[in-house]
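Q: okay, here's the prediction I keep looking at, along with the sequence it came from:
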Amino acid sequence: MSDERLAQARAWMRQDPDHETRDELAAVITRAASGDETAIADLDDRFSTRLAFGTAGLRGALGAGSNRMNRVLVAQAAAGFASYLRERAHGGTPTVIIGYDGRRNSRVFATDSAELFAGAGLRAILLPRLLPTPVLAFAVRHLGADAGVMVTASHNPPNDNGYKVYLGGADQGSQIVAPADAEIAAHIQRIADADDVAALPRSNDYETADEDVVDAYVAATAAVAPAPASASDIRWVYTAMHGVGWETLSKIVAAAGYPQPMVVGEQLKPDATFRTVSFPNPEEPGAMDLSFARARRVQADFILANDPDADRLAVAIPDASSENGWRRLTGNEVGLLLGARAAKAAAGTPGASLACSLVSSPGLGAVAAHHGLDFHETLTGFKWISRAPGIVFGFEEALGYLVNPETVRDKDGISAAVAILGLAAEAHERGKSLADLLAELGDTYGHFASGQVSVRVDDLSVIGTVMLSLRTLPPSQFGGHSIASTEDLLQADPGQPSGDVLRYRLTDGSRIIVRPSGTEPKLKVYIDAKAESAARAAEIVRELDAAVRSLLEERS
């Protein structure tokens with residue numbers, strides 16, 4: 001055990017205001033100093049690096065050390081961000097809004113941030129209670145703030161938390177992009193180098209927002225799709241996935257005139273342990289089992305589910321061919337439903353556009369072309385999608401949808417839920433269901449199908465090894481489907497999306513995209529097909545799925 005590492009850990013412990021993480025670190029230091037190999041490795045993992053601040057802000061496991069989420073790291077981030085905002089304000093007084101969800105330490109991190117922003121001379125406004133991420137994104141625009149911070153780890157595992165940053169002004173309340181991320185990170189590093197967050201000025205002179213901002217979000221979101229009279233007959237189930245969506249959504253549902261849902265009571269209130277799910281993400285196997293059971297009992301027409309911070313939306317429909325009688329729609333299916341809805345409303349509007357991430361269904365481009373709208377394909381993440389010129393709707397396949405860009409420049413699972421309620425109600429008037437609407441999409445825009453292979457790894461180097469292998473020994477086909485062209489987005493042309501992404505276009509018109517996840521230790525592969533029928537498109541996806549899994553097994 002190096003004396004330098006022990007000194008680093010002890011210096012961190014001295015400035016930590018949290019007795020829990022101080023005690024946690026003290027125990028590790030004591031064991032490491034006595035030669036305990038496990039403790040030495042633990043200390044190295046905690047301090048050999050620090051959680052990197054990037055365009056997604058900060059996100060990681062809770063615990064003591066520079067490579068964990070804790071009050072020291074958050075204080076450094078808040079003070080550094082305050083310094084950046086003051087520099088950017090050129091003598092003015094920046095305003096920053098702070099929100100938080102129901103995860104462990106979210107309120108503590110938010111309050112620390114408010115005190116540090118106020119201590120640095122900023123106007124700091126703390127949202128009145130735990131609220132969905134979209135309310136914070138809305139508040140930045142609604143209040144004309146210079147910035148916003150949301151303390152959340154979205155749908156990450158229970159022991160994670162994060163620090164998500166938005167900029168107002170010319171950035172219109174969107175998540176940060178380069179070069180702002182590097183500039184903020186440099187300010188944070190200067191604070192960290194001083195090695196004493198206890199000396200940072202704090203103040204209780206921050207404001208707590210009143211209910212007006214929440215009421216304004218409720219009104220704006222209810223207006224996305226006011227209920228027709230026939231909506232009173234729809235039967236639906238809702239789950240908040242142990243998150244913060246229910247209180248706000250229920251107010252909006254009432255304001256918009258829809259019947260209240262039948263809820264999954266076990267998952268309705270915020271619970272930082274996420275006790276009924278192994279992973280609090282509607283995309284994960286088993287996460288919606290309680291919703292399916294509830295829907296079967298009450299014979300619901302459909303299910304809506306938010307993730308824990310309510311910026312994502314999952315939709316499920318009855319499906320007799322499924323083992324449990326229900327099927328969760330893919331993010332691409334919901335994205336095309338909502339995209340068609342937006343395109344019909346915007347048809348004929350000069351400059352109006354649809355946008356999606358490059359790994360999302362190419363079907364959105366077909367929808368845009370059909371209605372004479374512009375179409376933009378961006379890198380993954382709503383920090384890029386939200387900046388598409390003329391955007392009236394944007395989505396990414398990971399259950400994220402932007403349906404109300406004039407009020408929220410980020411994915412919003414609550415406004416998306418209202419839009420789906422509107423579609424369901426309109427279909428109900430015609431004696432149709434959401435499944436019928438999906439079939440109509442295929443008839444109008446072409447039959448698209450998608451799939452995804454996601455490989456979670458314990459060792460991140462495995463992902464780099466696979467990506468390198470695919471670049472140096474490129475495949476010539478996937479299960480008998482020949483490759484027409486290969487694009488490496490690390491070498492993209494100027495002005496085109498660039499990143500660690502490989503895109504294969506197949507001779508039959510299908511597409512395969514491979515990329516590392518930006519937020520989780522996963523390698524992700526996206527499969528898209530278009531065919532003369534929905535059944536054939538789905539068959540091609542199954543064939544390519546098997547081929548991709550076989551290839552990844554060989555290369556890893």
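A: Cool, got the structure. Just so you know, these numbers come straight off a predicted model, no measurement behind them.
Q: contacting residues around the one helix or strand Trp12 maps to?
A: Element membership for Trp12 (DSSP states H and E) is helix 3-15. Helix 3-15 is touched from outside by 22, 25-26, 28-29, 32-33, 43-44, 46-47, 64-66, 72, 195-198, with contacts defined as Cβ atoms under 8 Å, 6 or more residues apart in numbering. No exception for glycine: its C-beta is placed from N, CA and C like everyone else's.
Q: ditto for stretch 218-227
A: Residues from elsewhere that reach stretch 218-227 (Cβ under 8 Å, 6+ apart): 138, 248, 251-252, 255-258, 403-404, 407, 412, 414-415, 418-419, 421-423, 425.
Q: quick check: longest helix of this protein.
A: helix 534-555 (DSSP state H).
Q: how far does it sit from its chain's centre?
A: Centroid separation between helix 534-555 and its chain, computed with Cα atoms, centre = their mean, to the nearest Å, is 26 Å.
Q: burial of Trp246, as a residue count?
A: 22 (other Cβ atoms under 10 Å).
Q: before we move on, the earlier item: just the buried ones from the contacts of helix 3-15, in ChimeraX syntax?
A: Paste this into ChimeraX to select the buried members of the contacts of helix 3-15, with burial taken from 16 or more other Cβ atoms under 10 Å:
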select :22,25,28,29,32,33,43,44,46,47,64,65,66,72,197
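Q: inside helices: which ones of the contacts of helix 3-15?
A: Per DSSP H, those map to helices at Arg22, Leu25, Ala26, Val28, Ile29, Ala32, Ala33, Leu43, Asp44, Arg46, Phe47, Val72.
Q: what sits against the fourth one?
A: The reference is to Val28. Contacts were defined as Cβ under 8 Å, 6+ apart; by that measure Val28 touches Ala9, Ala39, Asp42, Leu43, Arg46, Ala64.
Q: against which helices or strands is whatever helix or strand Ala77 lives in packed?
A: Element membership for Ala77 (DSSP H and E) is helix 71-89. Contacts defined by 3 or more Cβ pairs under 8 Å, 6 or more residues apart in numbering; DSSP states H and E place helix 71-89 against strand 58-61, strand 95-100, helix 106-119, strand 147-151, strand 160-167, helix 180-194.
Q: in this structure Val237 contacts Leu304, no?
A: Yes. Counting by Cβ atoms under 8 Å, Leu304 is a contact partner of Val237 at 7.5 Å.
Q: name the residues contacting each of those two.
A: Pro261.
Q: and Ala75, what does it touch?
A: Contacts of Ala75 by Cβ under 8 Å, 6+ apart are Pro17, Asp112, Leu116, Val197, Leu200.
Q: swap in Ser154?
A: Thr133, Gly162, Asp307, Pro308, Asp309, Asp311, Arg312.
Q: re the thing from before, of all the helices and strands packed on helix 71-89, which one is nearest Thr472?
A: Smallest distance to Thr472 across the helices and strands packed on helix 71-89 (Cβ to Cβ): 29.8 Å, for helix 180-194.
Q: touching the next helix or strand after that closest one from outside, list them.
A: Downstream of helix 180-194, the next assigned helix or strand under DSSP H and E is strand 207-208. Outside strand 207-208, the residues within contact range by Cβ under 8 Å, 6+ apart are Arg123, Ala124, Ile125, Leu126, Leu127, Pro128.
Q: how about those residues in TSV, adding secondary structure?
A: Listed next are the contacts of strand 207-208 as TSV, based on DSSP: H, G, I helix; E, B strand; the rest coil:
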residue	secondary structure
Arg123	strand
Ala124	strand
Ile125	strand
Leu126	strand
Leu127	coil
Pro128	coil
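Q: turn those residues into a markdown table, including distance to Val224.
A: As requested, the contacts of strand 207-208 are exported to a markdown table (distance: Cβ to Cβ, whole Å):
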| residue | distance to Val224 |
| --- | --- |
| Arg123 | 30 |
| Ala124 | 30 |
| Ile125 | 25 |
| Leu126 | 27 |
| Leu127 | 21 |
| Pro128 | 23 |
